[in-house]
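A.B. asks: Predicted model and sequence follow; I will ask about them next.
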Amino acid sequence: MSLLFSEEQSLLKESAAAFVRNKRDLNALRVRRSSPGVPQVDREIWSEMVELGWTAIPFEEAWGGLGLGFAELGIVMEELGRGLVQSPLLSTVVLYGGIIEIAGSSEHKQRILPEVIAGNSLGSFAYLESARHDPLHVETTLKSQRDGYRLTGCKHFVLDGGSADEFVVLAREKGRPGDDDGLRLALVPADSEGVELENHLLIDGRSVSNVHFREVVVEDDWLLTGAGPVAGVVDQVFDRATVALSSEMLGGIQSVFDMTIEYLKVREQFGAKIGSFQGLKHRAARWFCEVELSKAIVLKALRAIDENGPETLQIASACKARLSDTALLSGKEGIQMHGGIGVTDEHDVGLFMKHGRVAEMMFGDSRFHQLRFASSNGY
Amino acid sequence: MSLLFSEEQSLLKESAAAFVRNKRDLNALRVRRSSPGVPQVDREIWSEMVELGWTAIPFEEAWGGLGLGFAELGIVMEELGRGLVQSPLLSTVVLYGGIIEIAGSSEHKQRILPEVIAGNSLGSFAYLESARHDPLHVETTLKSQRDGYRLTGCKHFVLDGGSADEFVVLAREKGRPGDDDGLRLALVPADSEGVELENHLLIDGRSVSNVHFREVVVEDDWLLTGAGPVAGVVDQVFDRATVALSSEMLGGIQSVFDMTIEYLKVREQFGAKIGSFQGLKHRAARWFCEVELSKAIVLKALRAIDENGPETLQIASACKARLSDTALLSGKEGIQMHGGIGVTDEHDVGLFMKHGRVAEMMFGDSRFHQLRFASSNGY
Amino acid sequence: MTKEEFRVQVRTWLDDHCPPACRGKGSILPDIIWGGRQFTYAHPDVERWVKALVDKGWTVPSWPAAYGGAGLSAEEVQVLHEEMSAIGTYSPLFSYGMSMLGPALLEYATEEQKRTHLPKIASGEIRWCQGYSEPGAGSDLASLQCSAVRDGDDYIVTGQKIWTSTADKSDWIFCLVRTDTHAPKHEGISFLLIDMASPGVSTRPIELISGASPFCETFFDDVRVPVENRVHEENKGWTVAKALLQHERTMLSASNRRSKVSVPGRGLLEVARDSLRTPEGSLPDDTLRAEIAQVQMDRLCYETLHQKNTEAREAGHGMGPEGSMFKLYLSELNQRTSDLRQRLNGSDSLVWNGDGIDEKEIAITREWLYGKAATILGGTSEVQLNIIAKRVLGLPD
Amino acid sequence: MTKEEFRVQVRTWLDDHCPPACRGKGSILPDIIWGGRQFTYAHPDVERWVKALVDKGWTVPSWPAAYGGAGLSAEEVQVLHEEMSAIGTYSPLFSYGMSMLGPALLEYATEEQKRTHLPKIASGEIRWCQGYSEPGAGSDLASLQCSAVRDGDDYIVTGQKIWTSTADKSDWIFCLVRTDTHAPKHEGISFLLIDMASPGVSTRPIELISGASPFCETFFDDVRVPVENRVHEENKGWTVAKALLQHERTMLSASNRRSKVSVPGRGLLEVARDSLRTPEGSLPDDTLRAEIAQVQMDRLCYETLHQKNTEAREAGHGMGPEGSMFKLYLSELNQRTSDLRQRLNGSDSLVWNGDGIDEKEIAITREWLYGKAATILGGTSEVQLNIIAKRVLGLPD
């Protein structure tokens, strides 16, 4: 598949860019961070995104979708990242909707996907139980009872958890933490008895929750798959999520890069523009290379998701590893090259650095993906 | 112990520096490399070193030594490294003599150490059986027979093996490759029946051998220790060897650094001295920091060997890891900053780069020592 | 008096004057007491201990007794530190007055200036802050614009300073101001001491990416400063500034104060063990083991180099421009360490606030963010690299 | 003719003209045939195949038929490559004449020059080398000193060139020479074509840290060169040189030719499996797994970027100064790869010669050493960084 944009894709990019120029409001992010309580999803912006059809992008037309793919969704994510515009696209469309699409029965799809596309229903994926990304480390148990199942455990870092209507929960029916066997995926409405949330605001303004499940009753038809290995589904979902997130990171990275290069051209010290100093020039040029490599691999990975070939996992991991490293570099150079002003809260570069840092660690940092890439290549 | 030189140490440094200025002959190294056959140790230079008392430095006066330590031996090694003057100090004094001193009986010491000090006897340590440094991976077997033992196996990368009169061989009496138990150290004269050598010249002009042992008869009193664990002795020997080698590396590193800084001051391009370009300036300054850190840790590690405290192993590994990294950096920057001339055989910088590369990998590269440091700190 | 006689004297005095509450493991002594007019002691024992030190001149033991010190030799100072360490105590009084301004005054001030200001620094009565940087003059410090125009026996000071650390809690500020706008930039600068209670001085705290910070902006709006508060000659302030920057770098390069680790909060290994659920033994991920080992080994190398340098200075070699190397390397090493620690801590260290989150939970995060400033403030890494290249390596301009 | 009609034609022609020995897995085709007067074919089938390609104009299919090409469009060239790939064959003729000089001649040469030189490049009859660098003019290419003084209808050329790749095997050399010593350095340079059989031309091979090399020094001792061998105007040679450097960078940035890996010898993983005694499954050391994965992922990223760039060029966007990025990144990536491979290979890759050692044993070592030149020759990494900073990012001088 070509790495260049089709005409439709170029138009989508323009429309997303216009939306972001309009909605971008970094001061609101600052205010939000220092207000008490953890904010909910901004329903107003969300409904505008829904109207633009973005929630429909990756779903089949049968469910009301546009039948497009990640090549298109990635364009939107990238533009959102450019302006740090937050939305539940990742939690609701990529994770929640994605899992339903991959592993749900047609009844599940019928019930859930149209509501996701319409923006009426928000959901998320509750999987993490450790500080570092380690999706198979599942201690949460799903126990069969005479009248259905009981779900017990605690999930960390559930994206937009405080706004979700329903969770997909990764739970263990048998085996031990770390086994890739014995896992199940269960749908759990957020208002179920025994579900309790602690909501957290992250350094970049995202919201996540710790979700406790205490003997929550899970009905039979809430289970997404048979008793087969769920690990493959989880891999597939994470491939999608890492690549969508990588697109968002790419947007943020480009903003930091652009604002820093611009600063190098105007800031004067020692009687010269600081961009004329070769020490900074060479670093800027190397940074440019990393940004260009990042752009390329994101394009390839988005297309790999859509093609769903045998190398998708490797490409997705190479993509997330690269974007994590470039985000780290961009945060570091962005701040360092801005000097003192760069570490003040009033300058935007710090917000982008924090956004990059959160995304760098989410769904596995570059170390994680190096080893995942190695394993998937058989070494 | 102070990290500054005592007056005696300063004098030793001066005398070693004078010797090296006198003996330094990099063209001989080039000639040697392209001559057929693998050369033996240069006995003439060796006898001059013996006369200067360098072979006696680390040994007790009881055996004819000077009763000094690695703080002093390191001074000599550093100066030798500065001029790439080769000698069997590492193989014969540090490895062979060192093992006898640590693990030999008093009969062994009586027989061997005075001959080592007098320069009459050369020896080496035959331990390696894999491409990467992995001293416990020992497949060579030592089997008890009615009339003594039989040694069978092949050792790689035996330093100055072609010139050695005797080897200390690390062999396995029981257990499996990788076990730290069941190892023995045996003395084997080089002219024993069943000993066969393949001699190799390394890229930096050092000589090493593959030594085959085929059912070699080993008499009881050739064994250095009881049947206890030898791994501790091996660790101690490698601590000494890595730190002595680190000193030699430090000398080479400083030569490359000095010649490159000098070149930056004289070479002109684009109408200016290339040392005036900030891109190179900043890299030179960072390189300087690494060289200074290397100097400091070598001093500390040499003293740690002499004090033989509980943290010796950690300090020795930190030292070798640092010197390996700095040697790598120095080879890279030394050549890159010299430009085209730096990759020609006629320029000296390449010889120093090769010397650094060999030393970087010998006795474990920085990865090896990172993990050794971690293990010895309990994590 | 021999070294050992002095040691005995110190011991006796400590026995008599150091309250048990200020010693050893359960010591109530705070890490640092900055002093100043806004400061009050939380505990009478601490007050008693500091007063005793002040009376003895041992808060600044190497300064002459006439200026609040005790005139001790370097060797005696060493003994004093050793003996205090031995009973687990120290002199908690610390300030920019003691570490930066004091040494500069000793070198450049008039006798009257020394007698006026140094004893109040030694006793902690007056807290000082530093007015160097300006918004337009960051790395290029000497391009500063804050002006002082002579008017009779006063200067009229107008302009803005930034990164004036703890200005809102300080009593006086030492400032670089421009007294000649026509001279080359290094030759039109003077060094002034300004009472922050003077009319026209105001401060505003700076919020950093890590949240509230000790840094302020300080504004001077036609502030009158007596000419007698100028240190050294008019337009020769850069000489004083350079000496002072050297002291600052020396201070920043000390990897730790009183052997407390410089990066606050839980150690790397502790975080890794929690995060990887491995309370003891080998950690399950070799790549992380290697990364932890690398920063630990680098710190060992750095501390060794620092020790070597300290020994060399004690043996009479001066601290030269290589001070830049210490500032450069330590700030970057600390950044690498807290970056790794935050990464090991995983998703836990991405939280800013919310249910059940208190300051302790986000200490690692705040420290990581705050540490981003370390390679910028006090001279950027780039400036340090320039200094090393030029003044240590002698590379051409 | 439609694309598909052309495809059918190509297939038929290949069926008729490509000998079975030059196709598929067991193909006897060498990687590259450089041609030139010193060259002779080792196998008649190879000679037959190359002659057929030459007759058809398909060694340089996009060049006009009048100059030895076939005048194919970019799309047709693509089809040609696809069809040759499909049967496992290719056009082995390759030379600096084809990749660098030819495109420059097409742009700047006179009609007569084109008709004289291009067909002999297309047929492989004449092998060309490049005379750009000089000992005193490395990165600063334009400071070259080799002089050409006009004498009637000739130039008299005197001076030295270095890094003249394969000069000892070449027939002609294209050279930058100084024709005006008073003009600014870029404006006194001319571009000459010199027959190496001319009296006064001599060459000497350069030995590199990796051993014997294709590079030479080339000396010009009062060499007479007819004025008609100057390409473009006198003193305008830098214009030609710049175009040619662009072609060189494009060539160097192609990660591989005909999908063979660019780093010769055994692959990283193969070496690691041997060295770690792990013929299959997960390698025992996570740090090494991570390092191998990193270079493999970086290569994937690089190849993707290269593909994107190629697509953009095919869609009509020109190759701009970002060509520097490809040269920079690929040379460093290859260095990292061979550095890691050599490290994985451990003590085996430190050997230079001795008992039982042949060229095959030290291939990894030689390649690693030879690769050190990649970030220097063809424009150092520093020069590429300068170009990116200035011409791509627009940073000020």
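C.D. replies: Perfect, I can see it now.
A.B. asks: which parts of the lowest-mean-pLDDT helix or strand in chain A are buried?
C.D. replies: Across the helices and strands of chain A, mean confidence by mean pLDDT, DSSP states H and E is lowest for helix A:26-34: a mean of 88. Under the neighbour-count criterion of 16 or more other CB atoms under 10 Å in any protein chain shown, helix A:26-34 has A:Leu29, A:Arg30, A:Arg32, A:Arg33 buried. In short, each C-beta sits where N, CA and C put it, glycine included.
A.B. asks: ok, now stretch A:54-74?
C.D. replies: A:54-59, A:63, A:65-66, A:68-74.
A.B. asks: farthest-separated two in those?
C.D. replies: Using CB to CB, these reach their maximum pairwise distance at A:Trp63 and A:Gly74, which is 20.5 Å.
A.B. asks: list the contacts for the closest residue to A:Asp220 other than its chain neighbours?
C.D. replies: Sequence neighbours aside, A:Gly148 is the residue nearest to A:Asp220 in space, at 6.0 Å (criterion: CB to CB, 6 or more residues apart in numbering or on different chains). Residues in contact with A:Gly148 (CB atoms under 8 Å, 6 or more residues apart in numbering or on different chains) are A:Val217, A:Val218, A:Glu219, A:Asp220.
A.B. asks: hey, what's residue 207 bridged with?
C.D. replies: Because you didn't say which chain, this covers chain A. A:Leu201 (DSSP bridges).
A.B. asks: Sorry, I should have been clearer: chain C.
C.D. replies: C:Ala212.
A.B. asks: hang on, the earlier thing: can the least confident helix or strand of chain A be found next to chain C?
C.D. replies: Yes. Residues of helix A:26-34 contacting chain C under CB under 8 Å from any CB of the partner chain: A:Arg33.
A.B. asks: ok, back up a step: tell me which of the contacts of A:Gly148 fall in strands.
C.D. replies: Secondary structure from DSSP state E places A:Val217, A:Val218 of those in strands.
A.B. asks: wait, A:Ser47 sits on A:Gly119?
C.D. replies: Yes. A:Ser47 is in contact with A:Gly119 according to CB atoms under 8 Å; the separation is 5.8 Å.
A.B. asks: Could I have the CA atoms of the helix or strand hosting C:Arg115 written out in CSV?
C.D. replies: For C:Arg115, the host element (DSSP states H and E) is helix C:111-122. Provided in CSV are the C-alpha atoms of helix C:111-122 (Å, rounded to 0.1, in the frame of the first residue of the first chain):
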residue,chain,number,x,y,z
GLU,C,111,36.5,46.4,55.3
GLU,C,112,33.3,48.2,56.2
GLN,C,113,31.2,46.1,53.8
LYS,C,114,32.7,42.9,55.3
ARG,C,115,32.0,44.0,58.9
THR,C,116,28.4,45.1,58.0
HIS,C,117,27.3,42.0,56.0
LEU,C,118,29.4,38.9,56.8
PRO,C,119,28.5,38.5,60.5
LYS,C,120,24.8,38.6,59.6
ILE,C,121,25.4,35.9,57.0
ALA,C,122,27.3,33.8,59.5
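A.B. asks: got the buried residues for that helix?
C.D. replies: C:Gln113, C:Lys114, C:Thr116, C:His117, C:Leu118, C:Pro119, C:Lys120, C:Ile121, C:Ala122.
A.B. asks: still on that earlier bit, now the least confident helix or strand of chain A, how far from the centre of its chain.
C.D. replies: 20 Å (CA atoms, centre = their mean, to the nearest Å).
A.B. asks: Excluding its own residues, what touches it? List them.
C.D. replies: A:Pro39, A:Leu84, A:Gln86, A:Leu201, A:Gly205, A:Asp345, A:Asp348, A:Leu351, C:Trp352, C:Asn353.
A.B. asks: from the residues you listed, which is closest to D:Trp238?
C.D. replies: Using CB to CB, these come closest to D:Trp238 at A:Asp348, 43.2 Å.
A.B. asks: how many other residues sit next to the closest one?
C.D. replies: Residues within reach of A:Asp348, counting by other CB atoms under 10 Å in any protein chain shown, total 19.
A.B. asks: Ok, C:Gly35 next?
C.D. replies: Neighbours of C:Gly35 (other CB under 10 Å): 28.
A.B. asks: again, but for the one 5 residues further on
C.D. replies: The number of residues packed around C:Thr40, counting by other CB under 10 Å, is 6.
A.B. asks: Can you give me the domain boundaries for the chain?
C.D. replies: In the absence of a named chain, chain A is used. Using automatic domain parsing, the domain parsing of chain A gives A:7-120, A:124-224, A:230-376.
A.B. asks: oops, I was thinking of chain C
C.D. replies: Split by automatic domain parsing, chain C gives C:3-94, C:128-238, C:262-392.
A.B. asks: near chain B at all, the last one?
C.D. replies: Yes. Domain C:262-392 comes into contact with chain B when judged by CB under 8 Å from any CB, the residues involved being C:269, C:272-273, C:280-283, C:286, C:289-290, C:292-294, C:296-298, C:300-302, C:304-305, C:307-308, C:311-312, C:315, C:322, C:325, C:328-329, C:382, C:384-386, C:388-390, C:392.
A.B. asks: For the top helix by length along chain C, buried residues please.
C.D. replies: Criterion DSSP state H: the longest helix present in chain C is helix C:286-314. Residues of helix C:286-314 classed as buried by neighbour count (16+ other CB under 10 Å): C:286-309.
A.B. asks: Beyond that helix, next helix or strand please.
C.D. replies: Past helix C:286-314, the next helix or strand by DSSP H and E is helix C:323-344.
A.B. asks: Right, I'll leave it there.
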